[in-house]
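S.K.: build the 3D model from these lines:
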Amino acid sequence: MSKPLLISDVKCINFDKRTVRHCSLFIENGVIASIIPDKQSTPKKARKINLKGKYVIPGFIDSHTHLIARGIELQRIDLEKCKSLNDCFEKLRSALPKDEILFGSNWDESNWSSFSTSRLNRYALDRISKQKPIIMRRICGHFAVVNTKALCLIPKKWKIVDSGKGYLYEDVALNLNDIFRPTRIMLQKAVKLGTKEALAKGITSVHEIADLDRFKFLQQIKKKNGLKLRFSVYILSKDLRNILAAGIRSRSGNDYLRFSGIKLFLDGSIGARTAGLKKPYRDSRIKGKILISMQKVASIIREAENSGIQLMVHSIGDRTTCEVVKVFEKNISRLNPLRHRLEHIEIVDRFSIKMMAKMNLIASMQPNFARRWQQPGGMYEHYLGERYKEMNCFKRVKDYGVRIVFGSDCMPLGPLYGIEGASKHPFACGRLHPSEAFNMYTKEGAYATFDEARKGTIDKAKLADLVVLDKNPLRVKDMDEVKIVMVIIGGKIVYKNRISPINTDNSNRNN
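M.R.: Below is the predicted model of the structure:
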C-alpha cells in the first residue's frame with residue numbers, strides 16, 4: 001500500500017457554485033481522505049506535492065469512446081489531416097512498400113476543398129493497387145470504400161454493401177476489424193496508445209464501446225499489468241445472448257474495469273447520410289435508415305429490463321429518436337431505474353426532448369461535433385441546409401430537464417476542445433455556460449454509470465481522480481489557452497506535462 005499523499009496550495013473548482021476554494025487535499029488509499037482549508041495544519045507523514053496555486057478539477061469522464069479502436073487507428077494510415085481526396089490517395093501509395101493491407105482511417109471530406117466524393121470508388125483504389133487490399137474508412141466509421149481485392153475478402157453475410165462502387169455501410173463498415181483483424185500485439189499497443197492519448201487530455205474514466213472479445217482482452221490486461229485508466233464498458237448488442245447466458249449484469253466489475261451495459265445501433269451518421277431523418281438530406285431524396293425494427297427494439301428493451309442491463313442506444317436522426325422514445329415509453333417505467341441512455345441525438349425535435357425528460361432518459365451528446373462541423377459553411381450545413389442551426393441543442397435539451405453527459409466519440413478526444421465547442425456554440429439552442437459543460441464532462445458522466453457516490457466531484461471519500469490546470473477555465477476567453485499540467489488517478493500521478501513542471505517531492509515513484 002502506497003504512502004498517503006498531500007497535495008498542497010490547491011485551488012479546487014466547484015462547477016455547481018462556480019467558485020474556487022483554496023485548500024489542501026489529503027489522499028489515502030486512493031480516495032480523498034480530507035479537504036483541509038487553507039492555513040490549517042496538514043499531516044506530516046505523507047508524500048507532498050505543492051501545486052503553487054494551480055487549479056484542480058475532477059477527472060474528466062468521456063462518456064462515449066472507442067479507445068481501443070482509436071489505438072488501432074494510430075497504428076494504421078491516418079487520413080484525417082488530408083486536405084483533398086488526392087492527398088488521401090498519395091498517403092495510401094506511400095504505404096504500399098511496407099503494409100500488406102492498406103487500411104486508411106478518418107478521412108473527412110469537410111476538410112477537403114470540395115465536399116465531393118464522387119471520384120472515390122473501388123476503381124480509383126484499384127489504380128493504387130490491385131494486389132493489396134485497400135480500405136478507406138470515413139471518420140464516423142459508418143461508411144468505407146474498398147478496392148476489388150478487399151471487396152473479395154468480405155464474407156457474403158455482411159449486408160449493406162454496394163459491390164459495384166466498393167461502398168460499405170453501417171455494420172460492415174463498423175466491424176471491419178472483425179474482417180481484417182488486428183494482431184494481439186497490435187491490440188496490446190492499441191490499449192497503451194489510446195490510454196496515453198486519453199490521459200494527456202485529462203480523461204480519467206471512459207465509457208468504452210467494444211465487443212465481448214475486447215472486453216475479455218481488457219480483463220486480461222488488467223489481471224496481468226493493471227490498467228492506468230478507468231473503463232466502463234458497453235458491449236455491442238451482437239453479444240447480448242452471450243452476456244445473458246453468462247449471467248453478467250450491469251455494474252459487474254470494479255473501479256478500473258466493469259461491464260456497464262449494451263450498445264445498440266439504430267441508425268448511421270450525418271456525414272455518411274445514413275442517420276434516419278424526417279426530411280431528406282439536402283439536394284437528395286435520401287432520408288437515411290433505421291437499422292432495426294421498432295418491434296425488435298421493444299423486445300431488446302424488455303429483455304434488458306428483465307435482466308438488469310443498461311442500454312446505450314445510438315440515435316442520431318430526428319426520425320430515429322422520435323420512434324425509439326415512443327418504444328421506451330411503452331416498455332420502461334418513468335423513473336428509468338437502469339438509466340438507459342440515447343447516444344448523440346444530434347437532430348431532435350421538441351416532442352422527443354419532452355418524451356426523454358418524461359422518461360428520465362439520459363442524453364449522451366458530443367460537443368466536439370458542434371465545434372468541428374456546425375460552423376457556417378461546414379459539413380452539417382452542406383448536408384442539411386438550414387436545419388444545421390437546430391443541431392446539438394445542448395441548452396434546449398437541458399432546459400427541458402433532460403440529464404446530459406458529454407463524450408467525444410474520439411473525434412477528437414479532448415474534453416477542453418469539446419467544452420469550448422459547447423460554450424461557443426454558433427447558435428443559442430446549444431450554447432452553455434462553461435461550468436455546465438464541465439459538469440457534463442465530470443459529475444453527470446459519473447451519474448450515467450451509477451458512480452455519483454464515487455467520482456465526478458472533489459469531495460471527501462471520493463476517488464482521488466484529479467486534473468491539474470494552469471489557469472481557471474471559468475475565467476479564460478478561449479479554452480485552448482488552458483493547459484493540463486498533471487493527471488492523478490486513485491492518488492497516483494499518471495500524466496505530467498513537461499512544459500509546466502511542479503515540485504512533486506518524490507511523488508513520481510508511482511509513475
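S.K.: ok, Ala275 - contacts?
M.R.: Asp267, Gly268, Ser269, Gly288, Ile316, Gly317, Thr320, Glu346, Ile347 (C-beta atoms under 8 Å, 6 or more residues apart in numbering). Placement of C-beta: from N, CA and C, glycine included.
S.K.: same question, Pro337
M.R.: Pro337 touches nothing, counting by C-beta under 8 Å, 6+ apart.
S.K.: domain ranges for the protein?
M.R.: Following automatic domain parsing, one finds the domains of the chain at 5-59+460-510, 76-179, 184-448.
S.K.: just the strands in the stretch 51-200 of the chain please.
M.R.: 60-65, 77-78, 102-107, 134-138, 143-146, 161-162, 167-169 (DSSP state E, counting those that start in this stretch).
S.K.: by contact count, what packs against the fifth one?
M.R.: Read it as strand 143-146. Strand 143-146 sits against helix 122-126, strand 134-138, strand 167-169, helix 171-174, with contacts defined as 3 or more C-beta pairs under 8 Å, 6 or more residues apart in numbering; DSSP states H and E.
S.K.: pick the most buried one from those.
M.R.: Comparing these by mean neighbour count (mean count of other C-beta atoms under 10 Å), strand 134-138 comes out on top with a mean of 26.
S.K.: quick one: which of the domains of the chain is nearest His66?
M.R.: For His66, the closest of the domains of the chain is domain 184-448, at 5.4 Å, according to C-beta to C-beta.
S.K.: looking only at pLDDT, what's the mean for the closest one?
M.R.: The average pLDDT within domain 184-448 is 96.
S.K.: that older thread, which of the contacts of Ala275 sit farthest apart?
M.R.: Across the contacts of Ala275, no pair lies farther apart than Gly268 and Ile347, at 12.7 Å, counting by C-beta to C-beta.
S.K.: any residues in contact with both of these two?
M.R.: What both Gly268 and Ile347 touch, as defined by C-beta under 8 Å, 6+ apart, is the set Ala275, Ile316.
S.K.: pull the contacting residues for the nearest residue to Asn177 once chain neighbours are set aside.
M.R.: The shortest distance from Asn177 to any non-neighbouring residue, by C-beta to C-beta, 6 or more residues apart in numbering, is to Ile72 (6.6 Å). Contact analysis of Ile72 by C-beta under 8 Å, 6+ apart lists Asn177, Pro182, Met186, Leu187, Ala190.
S.K.: how close does Ile72 get to Phe231?
M.R.: 16 Å (C-beta to C-beta, to the nearest Å).
S.K.: returning to what we had before: what's the closest of the strands of the stretch 51-200 of the chain to Leu218?
M.R.: strand 60-65 (12.6 Å).
S.K.: can you give the distance of that closest one from its chain's centre?
M.R.: 5 Å (C-alpha atoms, centre = their mean, to the nearest Å).
S.K.: what strands line up against it, and which way round?
M.R.: strand 203-210 (parallel) (DSSP bridges).
S.K.: so the next helix or strand after the strand it pairs with versus strand 203-210, what angle?
M.R.: Next helix or strand after strand 203-210 toward the C-terminus (DSSP states H and E): helix 212-224. With axes from the mean of the first three to the mean of the last three C-alpha atoms, to 10 degrees defining the directions, helix 212-224 sits at 140 degrees from strand 203-210.
S.K.: what's next to helix 212-224, contact-wise?
M.R.: If you take C-beta under 8 Å, 6+ apart as the criterion, helix 212-224 is touched by 68, 187-188, 191, 208, 210, 227, 231, 233, 235-236, 239, 242-243, 256-257, 259.
S.K.: for the stretch 201-350 of the chain, what spans make up the strands?
M.R.: 203-210, 230-236, 252-253, 257-265, 310-315, 341-344.
S.K.: so what touches the fifth one?
M.R.: This means strand 310-315. So strand 310-315 is in contact with 207, 209, 234, 250, 260-267, 300-301, 304, 321, 324, 338-345, 364, going by C-beta under 8 Å, 6+ apart.
S.K.: go through it and flag the buried ones.
M.R.: Neighbour counts over strand 310-315 (16 or more other C-beta atoms under 10 Å) mark Gln310, Leu311, Met312, Val313, His314, Ser315 as buried.
S.K.: please apply the same query to stretch 12-25.
M.R.: Cys12, Ile13, Phe15, Val20, Cys23, Ser24, Leu25.
S.K.: which pair in the residues you listed spans the largest distance?
M.R.: Phe15 and Ser24 (20.2 Å).
S.K.: longest helix in the protein, please.
M.R.: Ranked by residue count under DSSP state H, the longest helix found in the chain is helix 184-200.
S.K.: which other residues reach that helix?
M.R.: By C-beta under 8 Å, 6+ apart, helix 184-200 touches 62, 65, 67-72, 74-75, 182, 206, 214, 217-218, 221, 227-229, 413, 484, 487, 494-495.
S.K.: C-terminal to the helix or strand harbouring Val397, what's the next element?
M.R.: Using DSSP H and E, Val397 falls within helix 394-399. Using DSSP H and E, the helix or strand that directly follows helix 394-399 along the chain is strand 404-406.
S.K.: so what's the gap between the next helix or strand after that following strand and the chain middle?
M.R.: On the C-terminal side of strand 404-406, the closest following helix or strand by DSSP H and E is helix 415-423. Chain-centre distance of helix 415-423: 13 Å, with C-alpha atoms, centre = their mean.
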